[in-house]
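Peer 1: what follows is a protein structure lacking sequence information:
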C-alpha cells in the first residue's frame, strides 16, 4: 500500500513539472512574438547603425592600416603625353616652350624687293638707295612686314629723319630740299644679297645703267649715260639711242633737280645724276 502511494506521488510531481515547463515555453513564445510585433523602424535603424558603427571601422583601421581609405587629394595629376619611366632608365628633362624665343630655323637675314621712282632694287640692311652717289636713304632694317629707311643727309620735310614702308605699300616721301621719291615694298624674303649701293651682294640683274652727268650746254640740257660700261654722251630730250639693255628714249631733263626721265620699253624711269641702276 505504501508502495502505490509513493508511485502516485512521483507521477504527480512529474505531471506538475511537465505542466510548469509547458507553461514556461508558452509564455516565452508569446513574449518573443510581442516584441517582434511591437518593434518600431527606429529600433531596426538603431540596430543597423550599431552594426555599421564608425567605431568599428576605426578599430579595424587601427588594427590593419592597409584598410584605411585613400584620400583623393593625395593623388597628383600626370601629363598623358609624358611616358612612364622604365626601370633603370634616366628621366630626360623636357624643355617648356618659350613663346618669346625665336626659332633657329627662322631667316637671320632678310632682303626686300623695293621700287624707288620706278627703279627696282633688292636691298638688305645697310644698303643705300637710290644707287650710286645719288643715294638719299639708308636701309636701316628689314622685317617680315616692313622696310625701315633713314635719310642720309638732312631730313624729311616734316623734320623726321627715318620712316618705314609696309609690305605692299607705296608712299611718297619728300626731303626738306623739296625733292620727292616714290618708294614701294614689293616683297620680303630670306636672302643674303642686296641690290642697292653698299649691299655687298650680287644682283640678279644683267645690265648696269648709270647717269654720269646732267648739265646745260648752250642753254640746252644734256645728259651722259653709261650702260654696261659704254658711254652715251650729251643726250638731249627726245633722243632715242640703242644700248645693250635696249632702246632708251630721253623724255625729260631737269638740270636744277639733276634728274632725267627715260623710257625703256613700256617702263618709265626717273634717274638722278650719279645713280647706278641694275636691271
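Peer 2: Perfect, I can see it now. Just so it is clear, the structure is predicted and the values come from calculations on it, not from any experiment.
Peer 1: in a helix, that's where residue 263 is, yeah?
Peer 2: No - counting by DSSP: H, G, I helix; E, B strand; the rest coil, residue 263 is not part of a helix but strand.
Peer 1: identify the bridge partners of it.
Peer 2: Applying DSSP bridges to residue 263 gives these bridge partners: residue 249, residue 268.
Peer 1: can we start the residue count at 8 from this point?
Peer 2: Understood, numbering begins at 8; the last thing we discussed is residue 270.
Peer 1: distance of it from residue 152?
Peer 2: Taking C-beta to C-beta, to the nearest Å as the measure, residue 270 falls 34 Å from residue 152. For the C-beta atoms, the positions are set from N, CA and C on the backbone; glycine is no exception.
Peer 1: the more surrounded of the two?
Peer 2: The neighbour count for residue 270 versus residue 152, taken as other C-beta atoms under 10 Å, is higher for residue 270 (14 against 11).
Peer 1: contacting residues around that one?
Peer 2: Applying C-beta atoms under 8 Å, 6 or more residues apart in numbering, we find residue 270 in contact with 255, 256, 258, 276.
Peer 1: would you turn these into CSV with neighbour count and distance to residue 235?
Peer 2: Output for these, formatted as CSV (neighbours: other C-beta atoms under 10 Å; distance: C-beta to C-beta, whole Å):
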residue, neighbour count, distance to residue 235
255, 21, 12
256, 16, 18
258, 15, 21
276, 20, 16
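Peer 1: can you name the two of those residues that are farthest apart?
Peer 2: Farthest-apart pair in the contacts of residue 270 is 256 and 276; separation 10.9 Å (C-beta to C-beta).
Peer 1: next, show the common contact partners of these two.
Peer 2: With contacts defined as C-beta under 8 Å, 6+ apart, the residues shared by residue 256 and residue 276 are 269, 270.
Peer 1: can you list the domain ranges for this protein.
Peer 2: According to automatic domain parsing, the chain comprises the domains 117-197, 215-285.
Peer 1: mind picking out the helix or strand in the chain with the poorest mean pLDDT?
Peer 2: Taking mean pLDDT, DSSP states H and E as the measure, the chain has helix 48-58 as its least confident helix or strand, at a mean of 46.
Peer 1: the protein: helices as residue ranges?
Peer 2: For the chain, the helices defined by DSSP state H occupy 9-45, 48-58, 61-70.
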